[in-house]
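Q: This is the structure alone, sequence omitted:
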């Protein structure tokens, strides 16, 4: 899973600094474009209730809940809520014409260090993280969004499947190259629609290798509406910061994901 993490842009602090700088230099044209882009994106930072022992969880919402009937939760990779995760959430929001939501499972922690990311993933309270996803779904339901799907990549993919098994608020799941450990949940209990995306060249056995994907298919065959797509690519092929990134296969996967969620959540 060793891929390069892009530097953080500093979130809202950096945004405020950019706006201030543009105002100081009276660069009104650029400022108007920036503010218009933010308005169209409709990004909102929130805090929602979670039964995780860590307490309330921060999250970021994209889109207008009054303009749609469904939402998709987008779960982070092991780096934390990076710019890439935010970009994926915005892409899903636009492709599906829905609301997307990122719960910050690390509660503000982001890293670009491979070893630190691995340590955080191993030390994550996975049951608690599923509680965060459940809390996020309930929050979205409270906004009038009747159905909630979940997707994620790598660690987020594994948590997507776990949430489909453990959280009744989840109505569909689209995991990317990641399976939870057997002790977390019984994947054969999943009854909601699942669309899984894995790489034929993935070498992470026991987590995302082709045989793991095919075992998942055997487990869920006849149990739920299950789709498995295999791509001629390696692990993390949807991450543009990874040397295994494959744009053609990523675009195909995102097209399939958008069609899946639109069909299953409306």
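A: Noted; the coordinates are in hand. No experiment lies behind these values; they were computed from the predicted model shown. Numbers count the residues shown, from 1 in each chain.
Q: quick one, phi/psi of residue 229?
A: Residue 229 adopts backbone torsions of phi -120, psi 130, taken as degrees, to the nearest 10.
Q: Could you tell me which residues make contact with the nearest residue to it once chain neighbours are set aside?
A: In space, and not counting its chain neighbours, residue 229 is closest to residue 197: 5.2 Å by CB to CB, 6 or more residues apart in numbering. To be clear about C-beta, it is placed using only N, CA and C from the backbone, and glycine gets the same treatment. Residue 197 is in contact with 157, 174, 175, 176, 177, 229, 231, 238, 253, 256, 257, counting by CB atoms under 8 Å, 6 or more residues apart in numbering.
Q: at 7 Å what do you get?
A: Residue 197 makes contact with 176, 177, 229, 231, 253 under the criterion CB atoms under 7 Å, 6 or more residues apart in numbering.
Q: Report the two of those separated the most.
A: Set against one another by CB to CB, the contacts of residue 197 have their most distant pair in 177 and 229, with a gap of 11.0 Å.
Q: quick one, which of these two is more surrounded?
A: residue 177 (29 against 17; other CB atoms under 10 Å).
Q: The closest residue to the more buried one other than its chain neighbours and residue 149: what is the separation?
A: Nearest residue to residue 177 in three dimensions, chain neighbours excluded: residue 208, at 4.1 Å (CB to CB, 6+ apart). From residue 208 across to residue 149, the span is 20 Å (CB to CB, to the nearest Å).
Q: Would you agree residue 242 is in contact with residue 234?
A: No. Shown here, residue 242 and residue 234 do not form a contact pair, counting by CB atoms under 7 Å, at 8.6 Å.
Q: Quickly list what's touching both of those two.
A: Here residue 242 and residue 234 share no contacting residue, scored by CB under 7 Å, 6+ apart.
Q: where do the strands sit along the stretch 101-250 of the chain?
A: 147-153, 170-176, 194-199, 226-231 (DSSP state E, counting those that start in this stretch).
Q: can I get these in TSV with distance to residue 138?
A: Listed next are the strands of the stretch 101-250 of the chain as TSV, based on distance: least, CB to CB, whole Å:
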stretch	distance to residue 138
strand 147-153	9
strand 170-176	11
strand 194-199	21
strand 226-231	26
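Q: which stretch among the ones you listed comes nearest residue 121?
A: For residue 121, the closest of those is strand 147-153, at 12.4 Å, according to CB to CB.
Q: now for the closest one, which elements pack on it?
A: If contacts are counted by 3 or more CB pairs under 7 Å, 6 or more residues apart in numbering; DSSP states H and E, strand 147-153 sits against strand 70-75, helix 126-142, helix 155-166, strand 170-176, helix 247-265.
Q: Let me know which of those is the nearest to residue 114.
A: helix 155-166 (13.4 Å).
Q: Need the contact partners of that closest one.
A: By CB under 7 Å, 6+ apart, the list of residues contacting helix 155-166 reads 75-78, 121, 126, 129-130, 133, 150-152, 170, 173-180, 184-187, 189-190, 192, 194.
Q: the inter-axis angle of the one helix or strand residue 60 maps to versus helix 126-142?
A: Counting by DSSP states H and E, the element that carries residue 60 is strand 57-62. If you take axes from the mean of the first three to the mean of the last three CA atoms, to 10 degrees, strand 57-62 sits at 50 degrees to helix 126-142.
Q: Who are the packing partners of strand 57-62?
A: Against strand 57-62 (3+ CB pairs under 7 Å, 6+ apart) you get strand 43-48, helix 83-96, strand 99-103, helix 126-142.
Q: Adding distance to residue 222, mean neighbour count and mean pLDDT as columns, could you present the ones you listed in JSON lines?
A: Below are those laid out as JSON lines (distance: least, CB to CB, whole Å; neighbours: other CB atoms under 10 Å; pLDDT from 0 to 100):
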{"stretch": "strand 43-48", "distance to residue 222": "35", "mean neighbour count": "15", "mean pLDDT": "95"}
{"stretch": "helix 83-96", "distance to residue 222": "28", "mean neighbour count": "20", "mean pLDDT": "97"}
{"stretch": "strand 99-103", "distance to residue 222": "31", "mean neighbour count": "27", "mean pLDDT": "98"}
{"stretch": "helix 126-142", "distance to residue 222": "25", "mean neighbour count": "22", "mean pLDDT": "98"}
